[in-house]
Structures are given as structure tokens and as C-alpha cells.
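Peer 1: coords please:
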Amino acid sequence: MCCIFFSSEANSQIVATCDTLFLKAGPVIPAKVKLVTATEVQYYRCDQTEGSPLLVKWVDLQEIHYAIGSRRNQKGEIVPPTLLDSIWVIETVDDNTYIGIIREQNADKIVLETNNLGVISLFRSNIRRMQALRPEQIRNGEIWYDSPHATRYLFGPNGYSLKRGEGYYQNVWIWFNQISFGVTDRFTLGVGMVPLFFFSAPTPVWITPKYSIPIKEGKVNLGVGALVATVLGTEGDGGSFGVAYGQLTLGSRDRNVNFGLGYGYAGNSWANSPTLSFSTMQRVNKKLAFISENYLFDTGDDNIGLISAGFRFLGRRIAIDGALVVPVEPDIEFFVIPWLGINVPIGKK
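Peer 2: Purely as a prediction, here's the structure:
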């Protein structure tokens, strides 16, 4: 069940009897905010009339929405109420989705004005998740949900990081497996393997730490990280390899171009020249994004390139990557490698 409400009023106020704390991990706390500092928020429960205030750390908070309709973001900035701040997506435990404007809320329920169902009341105990929509998420009357896979292309990363508590599992052609998780809003850690031990063969395993630095929020991001790998079942350090890299991403999470530079190593030897990359992601509608990921390697004797292009289908609970990869090298004949990957979000949604 899905119903969309777009008000014609210039400013829509939220009438509420309490403030609301939005935690990064997902829960929503009805509260009466007493004191906000640079590191924590002191609050009373919405139905609390006496006793000591409760505490929550800012690092665990996404936003504070005040009863008068304004909100405080993570930077401590007070944002006045606007029309789009009042448009909410609310999912209930019985898998229904309601979209509209919050007209009233208290510790027990939320009154939501929708387009098709009119004014409805939802008990907080039946709400699984609620999310305020940003202006860019409404395109031609459709809602574009955030992609949980916007921090990488087919394989390589960009300058964005997963948010704290978010994660995904990636599988390519059954054998390539990786789990990535947002440790903080800026630090992402991935672990992966190709499980060749099923065939009693040496097994590649790796970790992929990445730290993201927002130069201009939502427009310019810098990412630095590494892929540190080894092959279990080999002797000495001959099975170790990897790359240290930097990524500069221009654009939003949905539409961007990315320039990368990295130095690879194998065993105790580092490459004499860098690996260059250029990638792009262009989300064309709410369920489809175009992806191209390209590399230039200097082997010392020749330059070898990898050119790829494909699409990512964005479902609510799964994403599917399909692409073609073309190796480019002067002495090899033209051939194409198909790429098929499945991505499943885990952790906080």
C-alpha cells in the first residue's frame, strides 16, 4: 500500500507534543530535549514528568526534529521547517508503506495526512522505520530511495563511505564474495574471499579499509584506502598482494565521476608506476543506474587497460549488476568478459 501527498502550502508546520530523536541505527525516540552540547543531548521521555534526564551521544544521532517543526542536523545547525521536511515515508511491521505529512505526534502515535487515504493514525509500536525525504529524492512525482550500493562501482570504490551501521554483501559469479560495513560515517571496512578451499586449492582473502573525507558535502569527496590480500595455502609472503589508493569523486552519490590513483604491490615489491582509473555512475531513474569502471595498468613493458560498461538494477532489497568488461592490450585479440553481480544490503537500512 503506497500513497503520496504533495501539499500546495508554502510552509507546512508539524503539530506535535514532543520532540523526536532520530538514531543512526534506526530507532526513533519521542522526547523532550533539555540540553544540546557538542557531544551529547540530554532529554526526558515524552511522557516523563520527573527524574533525571537521559543521555544520547551525538555520534549516535542522525537528527533532532523539534515539536515546532524545525530540526537540528549533525553539524548543530537549526533548520527551519519547510514543505519537504514534512514529507515522510513510514513503513509498518506488516510491510505497508505510507507517505504523507505528519500533522500530529506524541509518545504513542503519529497522525499522517496522505493523498489517497486521508488522515490516518499509526501507533509507534507498529512502525518499523520512518524517513524524512530530501528534495532531490522526489523526481517527477516519484520517490527515489537512497541506494545502499552508491559507495562503489562494479568492483572499485569511490570517495563516499557507507554510513555508520550500513552494510552490504556482494557476490560476483558465485565465487567472488565480499561484505562491507560502515564502522563510522567516514570509515568503511570490507572483507572478502574466493572460497577455492572447497577444491583443496589456495584461497585468496582480503580486507578493504577506506576512509572518506567530504571536501564539499554531497558534491566533492576524497577517499583513501587499500586492498590488502593474501592467498591462504601458500608459503612465505609470495601470496600477498594489494594496492594503496586515493579516489576523488565529483558529484552526488547517485550521479558522479571518479578519478583514482593507486600503487600496487606483490610480496615485498611495489609497482614503479601508478594504476590510473576513471569511473562514473549515473542514476537514470529510481531503479536503474549506468556504471562504467575503467583502469590503465603499466606493466613495465606495456600499458594494459580494462574498459567496462553496464547497468545496476536497484530493488528495495537487492541490486543486480550486469556489465561487459573488455581488456585492451596491443598483443591480444579482442574479447569480452561478462560481469554479473548480486548485492544485498545488510545492517541499518
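
Peer 1: what's next to the one helix or strand residue 214 maps to, contact-wise?
Peer 2: With elements taken from DSSP states H and E, the one containing residue 214 is strand 203-216. Strand 203-216 is contacted from outside by 157, 159-161, 178, 180, 186-197, 220-233, 242, using C-beta atoms under 8 Å, 6 or more residues apart in numbering. Heads up, the C-betas are built off the backbone N, CA and C, glycines and all.

Peer 1: Low-confidence ranges, the protein, go.
Peer 2: 1-17, 26, 49, 68-69, 79-86, 135, 140-141, 235-238, 300, 348-349 (pLDDT under 70).

Peer 1: Kindly list the main-chain dihedrals of residue 198?
Peer 2: phi -60, psi -20 (degrees, to the nearest 10).

Peer 1: How far off centre is the strand holding residue 214?
Peer 2: 14 Å (C-alpha atoms, centre = their mean, to the nearest Å).

Peer 1: Give the next helix or strand downstream of it.
Peer 2: Strand 203-216 is succeeded, C-terminally, by strand 220-232 (DSSP H and E).

Peer 1: before we move on, back to that, now a PyMOL select for only the buried ones of the contacts of strand 203-216.
Peer 2: Remark: buried members of these, expressed as a PyMOL selection using 16 or more other C-beta atoms under 10 Å:
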select buried, resi 157+159+160+161+178+180+186+187+188+189+190+192+193+194+221+223+225+226+227+228+229+230+231+242
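
Peer 1: Pull up the pairing partners for the strand holding residue 214, direction included.
Peer 2: strand 187-193 (antiparallel), strand 220-232 (antiparallel) (DSSP bridges).

Peer 1: Can you list the buried residues in the next helix or strand after the longest one?
Peer 2: The element immediately downstream of strand 220-232 (helix or strand, assigned by DSSP H and E) is strand 241-251. With burial defined by 16+ other C-beta under 10 Å, the residues of strand 241-251 counted as buried are 241-243, 245, 247-251.

Peer 1: next one: stretch 256-274
Peer 2: 256, 258, 260, 262-264, 271, 274.

Peer 1: Same list (these) but as JSON lines, adding secondary structure.
Peer 2: Shown next, in JSON lines, are those (DSSP: H, G, I helix; E, B strand; the rest coil):
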{"residue": "256", "secondary structure": "strand"}
{"residue": "258", "secondary structure": "strand"}
{"residue": "260", "secondary structure": "strand"}
{"residue": "262", "secondary structure": "strand"}
{"residue": "263", "secondary structure": "strand"}
{"residue": "264", "secondary structure": "strand"}
{"residue": "271", "secondary structure": "coil"}
{"residue": "274", "secondary structure": "coil"}
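
Peer 1: can you list these in a markdown table and add distance to residue 38?
Peer 2: Formatted as a markdown table, these follow (distance: C-beta to C-beta, whole Å):
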| residue | distance to residue 38 |
| --- | --- |
| 256 | 31 |
| 258 | 33 |
| 260 | 35 |
| 262 | 36 |
| 263 | 38 |
| 264 | 41 |
| 271 | 44 |
| 274 | 40 |
